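Engineer: sequence? don't have it. structure:
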Ligand SMILES: C[S@@+](CC[C@H](N)C(=O)[O-])C[C@H]1O[C@@H](n2cnc3c(N)ncnc32)[C@H](O)[C@@H]1O
């Protein structure tokens with residue numbers, strides 16, 4: 001950790017610096033024409049890469065995201081056609097499109113792209129790389145060949161042409177970075193009028209009747225190849241075969257793809273066509289209901305379902321929609337059941353999103369964040385949200401490609417670690433494909449320091465028309481921004497990584513006012529202190545018990561800002577040298593702690609306890625006098641050492657049956673809670689309890705940000721008091737544990753019993769309820 005102010009060099013992955021220089025050198029050169037690509041060379045290069053596809057241990061694939069990633073916003077009707085001979089390297093061909101068709105099957109590049117040989121109508125070959133096309137990257141094994149067989153006609157909007165600086169792969173190539181820049185041109189696309197193809201390419205024979213397309217669609221559906229199935233149903237509709245049934249089937253495929261808006265539209269159109277049998281009509285209603293439910297439009301679920309009130313399946317949807325409406329209005333959930341189900345790592349709760357009294361505002365320093373709109377009590381639920389999109393980390397691991405894959409973002413000069421981040425980006429694209437509102441919402445989130453400022457949040461609602469074609473997203477996708485949003489805003493739990501819209505507007509503080517908790521993949525946020533109207537809701541982006549310098553480094557590297565919270569300010573004022581000695585003492589304490597865990601005999605434990613005490617005293621001296629006052633008592637780095645000391649004292653007390661050591665152990669634990677920021681009003685360890693005072697011995701207007709360890713410590717304290725026969729204090733501190741668990745989870749004693757079952761059983765504390 002450098003002592004001086006952090007610079008970009010400190011934060012940069014060394015390997016990227018050279019790449020950046022090379023990219024900048026290329027960008028400074030003027031565009032130029034280069035010889036056309038030779039067809040044999042191109043196909044040879046692709047075949048060689050294809051051969052690598054199945055090779056295990058192909059080595060680490062480092063994918064360089066260019067600077068900046070481009071996307072076109074010009075309508076195809078306003079672009080004019082160019083051919084291979086018009087292409088210039090180092091140029092984005094503004095105002096132009098390139099019409100081409102594939103001359104081979106796509107090759108997966110092991111990372112974020114597909115490599116292709118294409119030709120223009122003159123028969124001139126071009127090397128094409130399609131990057132970031134989430135829908136292709138998400139396609140099932142083999143599906144990609146069905147979507148892009150040889151002869152697939154593509155229109156590339158405002159293509160960019162590059163040369164590869166690597167002399168071993170000298171072929172120039174077009175690189176498409178945004179999926180909205182590739183248009184799959186169907187047989188009926190007006191752009192193909194009057195176009196003839198010079199070369200005699202043997203193209204993959206495709207179905208030529210609606211019936212055959214429908215058969216293909218059903219085959220794909222059975223194999224869970226959703227995108228391919230949707231394309232085939234679209235063709236069956238275009239050929240006029242069994243149109244309403246194909247549409248109804250496509251609605252089901254769209255539901256699987258999460259394209260609920262288009263699913264709803266298809267089901268509605270087919271329902272209203274008047275050509276469906278009663279059975280198919282029922283299917284249409286169920287699909288409409290499913291789409292509305294998935295979009296959170298619960299009242300419309302009730303309206304739509306009312307047409308089939310007697311139907312058992314529809315009744316279930318009515319019950320579910322009513323439950324969701326109740327949750328949305330009240331914030332009441334069955335917490336015990338949720339926590340029980342949450343034990344399953346793949347749990348994705350069926351809940352309605354709840355948003356408490358909060359608003360998004362920009363403060364006087366220009367920092368946008370989330371604020372409470374009325375006074376709020378500690379423990380109040382402020383958000384309970386499903387992810388807008390997420391990936392299960394186990395699934396991300398399983399995805400195809402190299403194990404050592406790195407998704408390297410040159411503009412941001414940081415390497416993402418990154419199969420899960422790439423997967424999440426793919427989900428983002430899938431999610432916005434059919435939903436302009438979600439796209440606008442993502443554009444209103446922070447996208448990092450290398451892209452434009454975010455748009456105003458929340459964006460005004462606009463209705464999205466249904467998809468014109470499954471391969472064509474409803475918006476022009478700004479990939480650079482979208483990737484920035486995914487990198488800057490995603491939250492990760494033990495088993496999920498996801499993007500949550502409202503939680504993305506929460507800023508960081510090492511002394512936060514709120515705490516998040518994942519229940520399955522749902523994000524719950526509760527106040528951890530009483531708050532006045534207008535106060536900011538903050539949470540910790542990283543575990544803040546690490547040293548100030550480490551926190552500062554991590555925040556800078558990942559989020560590019562310096563935290564100025566009360567803890568950071570106080571730590572900063574301690575000075576670098578004091579913090580360095582603290583760090584050294586903490587390392588020493590870790591060693592002492594490890595010895596305490598191993599020690600069996602009382603003399604050794606006494607020696608270690610004395611050493612721990614001295615070391616902790618020395619650590620205390622590294623904090624300046626005003627530190628406690630400034631940081632509300634928070635000295636996070638002392639907490640673990642104090643627990644080590646508590647352990648040593650507890651072992652001695654038990655070995656020697658000496659209650660005074662047990663009390664010392666309780667005292668150290670109280671101190672460990674205090675340095676986490678908890679305010680203890682009755683620190684007494686013996687004697688009569690303060691008279692007439694039945695309230696809890698802590699300030700109940702706040703809890704620490706360290707949920708698990710705090711509740712565990714309180715239960716241990718209750719147990720220790722019980723050990724020395726002080727049943728009253730045992731009960732009192734046990735009640736603090738129950739109160740605190742309830743603040744964090746909202747589930748009262750049942751959730752406390754469920755979540756603490758193991759500890760309660762081991763310590764036999766059931767008599768304290
Ligand atoms: C998830 S966003 C939080 C919301 C963001 N402020 C916005 O306007 O959308 C994360 C980014 O917010 C900014 N941020 C968060 N906490 C901050 C803090 N304590 N001080 C300064 N900037 C902060 C940083 O730019 C960080 O990369």
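Structural biologist: Structure's in. What do you need? Here the structure is a predicted model, which is why all the values come from computation and not from measurement.
Engineer: Any residues of this structure in contact with the ligand? List them.
Structural biologist: 367-369, 445-446, 454, 488-489, 504-505, 507-509, 559-561, 563 (CB under 6 Å from any ligand atom). No exception for glycine: its C-beta is placed from N, CA and C like everyone else's.
Engineer: Which ones among those map onto helices?
Structural biologist: With helices defined by DSSP state H, the entries of these inside them are 488, 489, 559.
Engineer: Quickly name whichever of the residues you listed is closest to the ligand.
Structural biologist: residue 559 (3.6 Å; CB to the nearest ligand atom).
Engineer: Quick check, pLDDT for that closest one.
Structural biologist: The model reports residue 559 with a pLDDT of 83.
Engineer: just the one 10 residues further on next, same as before
Structural biologist: Per-residue confidence (pLDDT) for residue 569: 96.
Engineer: what sits against the residue nearest to it when sequence neighbours are not counted?
Structural biologist: Leaving out its chain neighbours, the residue that sits closest to residue 569 by CB to CB, 6 or more residues apart in numbering is residue 630, at 6.5 Å. Residue 630 makes contacts with 566, 569, 570, 573, as judged by CB atoms under 8 Å, 6 or more residues apart in numbering.
Engineer: correct me, but the last one touches residue 627?
Structural biologist: Same thing as residue 573. Yes: applying CB atoms under 8 Å as the test, residue 573 and residue 627 come out as touching, 7.4 Å apart.
Engineer: neighbour-wise, which of those two wins?
Structural biologist: Comparing residue 573 with residue 627 by other CB atoms under 10 Å, the one with more neighbours is residue 627, at 21 against 14.
Engineer: Not counting sequence-adjacent ones, nearest residue to that one?
Structural biologist: residue 570 (4.7 Å).
Engineer: Quick one: residues contacting that neighbour.
Structural biologist: Contact analysis of residue 570 by CB under 8 Å, 6+ apart lists 623, 624, 626, 627, 630, 631, 634.
Engineer: how about the residues you listed in TSV, adding pLDDT, secondary structure and distance to residue 312?
Structural biologist: Compiled in TSV, the contacts of residue 570 are given as follows (pLDDT from 0 to 100; DSSP: H, G, I helix; E, B strand; the rest coil; distance: CB to CB, whole Å):
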residue	pLDDT	secondary structure	distance to residue 312
623	97	coil	66
624	96	coil	70
626	95	coil	68
627	96	helix	65
630	96	helix	63
631	97	coil	59
634	97	coil	56
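Engineer: Could you list the low-confidence segments of the stretch 251-400 of the chain?
Structural biologist: Judged against pLDDT under 70, the low-scoring parts of the stretch 251-400 of the chain cover residues 396-400.
Engineer: all helices for it, in order.
Structural biologist: Across the stretch 251-400 of the chain, reading from the start of the chain, the helices by DSSP state H, counting those that start in this stretch fall at 260-272, 278-294, 298-305, 312-330, 335-341, 393-398.
Engineer: Over to the stretch 601-750 of the chain?
Structural biologist: Going by DSSP H, counting those that start in this stretch, the stretch 601-750 of the chain shows helices at 602-621, 627-630, 639-656, 659-675, 707-723, 727-745, 748-755.
Engineer: Out of these, flag the one nearest residue 235.
Structural biologist: Smallest distance to residue 235 across these (CB to CB): 51.7 Å, for helix 727-745.
Engineer: Rounded mean pLDDT for that closest one, please.
Structural biologist: Across helix 727-745, the average pLDDT comes to 96.
Engineer: will you turn the helices of the stretch 251-400 of the chain into TSV that also has mean neighbour count and distance to residue 612?
Structural biologist: Shown next, in TSV, are the helices of the stretch 251-400 of the chain (neighbours: other CB atoms under 10 Å; distance: least, CB to CB, whole Å):
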stretch	mean neighbour count	distance to residue 612
helix 260-272	23	59
helix 278-294	20	56
helix 298-305	19	57
helix 312-330	15	48
helix 335-341	17	36
helix 393-398	14	38
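Engineer: Is it possible to get a markdown table of these that adds distance to residue 595?
Structural biologist: Shown next, in a markdown table, are those (distance: least, CB to CB, whole Å):
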| stretch | distance to residue 595 |
| --- | --- |
| helix 260-272 | 59 |
| helix 278-294 | 56 |
| helix 298-305 | 59 |
| helix 312-330 | 51 |
| helix 335-341 | 37 |
| helix 393-398 | 36 |
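Engineer: quick one, which of these is nearest to residue 35?
Structural biologist: Proximity of these to residue 35 was assessed by CB to CB; the nearest stretch is helix 393-398, lying at 41.7 Å.
Engineer: For the most centrally placed residue in the chain, give the beta-bridge partners.
Structural biologist: The centroid of the chain falls nearest to residue 498 when counting by CA atoms, centre = their mean (2.6 Å). In this entry, residue 498 is beta-bridged to residue 390, residue 491, by DSSP bridges.
Engineer: for the one residue in the stretch 151-300 of the chain that gets nearest to the ligand, what are its contacts?
Structural biologist: The ligand sits closest to residue 296 of the stretch 151-300 of the chain, with a gap of 22.3 Å, by CB to the nearest ligand atom. Listed by CB under 8 Å, 6+ apart, the contact partners of residue 296 are 324, 352, 353.
Engineer: now the helix or strand that contains residue 537: mean pLDDT?
Structural biologist: Residue 537 is located in strand 536-539, with elements delineated by DSSP states H and E. For strand 536-539, mean pLDDT rounds to 98.
Engineer: other SSEs contacting that strand?
Structural biologist: Contacts defined by 3 or more CB pairs under 8 Å, 6 or more residues apart in numbering; DSSP states H and E place strand 536-539 against strand 368-372, strand 507-508, strand 514-519, strand 522-527.
Engineer: Can you say which of those strands is nearest to residue 664?
Structural biologist: Of all those, it is strand 514-519 that lies closest to residue 664, at 30.4 Å by CB to CB.
Engineer: mind checking how far the closest one is from the chain centre?
Structural biologist: Average the C-alpha atoms of strand 514-519, do the same for its chain, and the two points are 14 Å apart (CA atoms, centre = their mean, to the nearest Å).
Engineer: can you state the direction angle for it and helix 727-745?
Structural biologist: Note on geometry: by axes from the mean of the first three to the mean of the last three CA atoms, to 10 degrees, strand 514-519 and helix 727-745 are set 80 degrees apart in direction.
Engineer: Just the residues contacting strand 514-519, thanks.
Structural biologist: Outside of strand 514-519, the residues that reach it under the criterion CB under 8 Å, 6+ apart are 338-339, 341-342, 347, 349, 382, 491, 493-494, 496, 503, 506, 523-528, 537-539, 705, 707, 744-745.
Engineer: what number of residues lie near the residue lying closest to residue 178 once chain neighbours are set aside?
Structural biologist: Closest residue to residue 178 in three dimensions, ignoring its sequence neighbours and counting by CB to CB, 6+ apart: residue 71, at 3.4 Å. Burial of residue 71, expressed as a neighbour count using other CB under 10 Å, amounts to 21.
Engineer: just the one 5 residues further on next, same as before
Structural biologist: Here the count is done by other CB under 10 Å, and residue 76 has 14 residues near it.
Engineer: Hmm, residue 190 and it touching each other?
Structural biologist: No: when contacts are counted by CB under 8 Å, residue 76 is not listed as touching residue 190 (9.7 Å).
Engineer: what about the helices in the stretch 101-250 of the chain?
Structural biologist: Under the criterion DSSP H, counting those that start in this stretch, the stretch 101-250 of the chain carries helices at the ranges 134-138, 143-147, 210-222, 226-238, 243-257.
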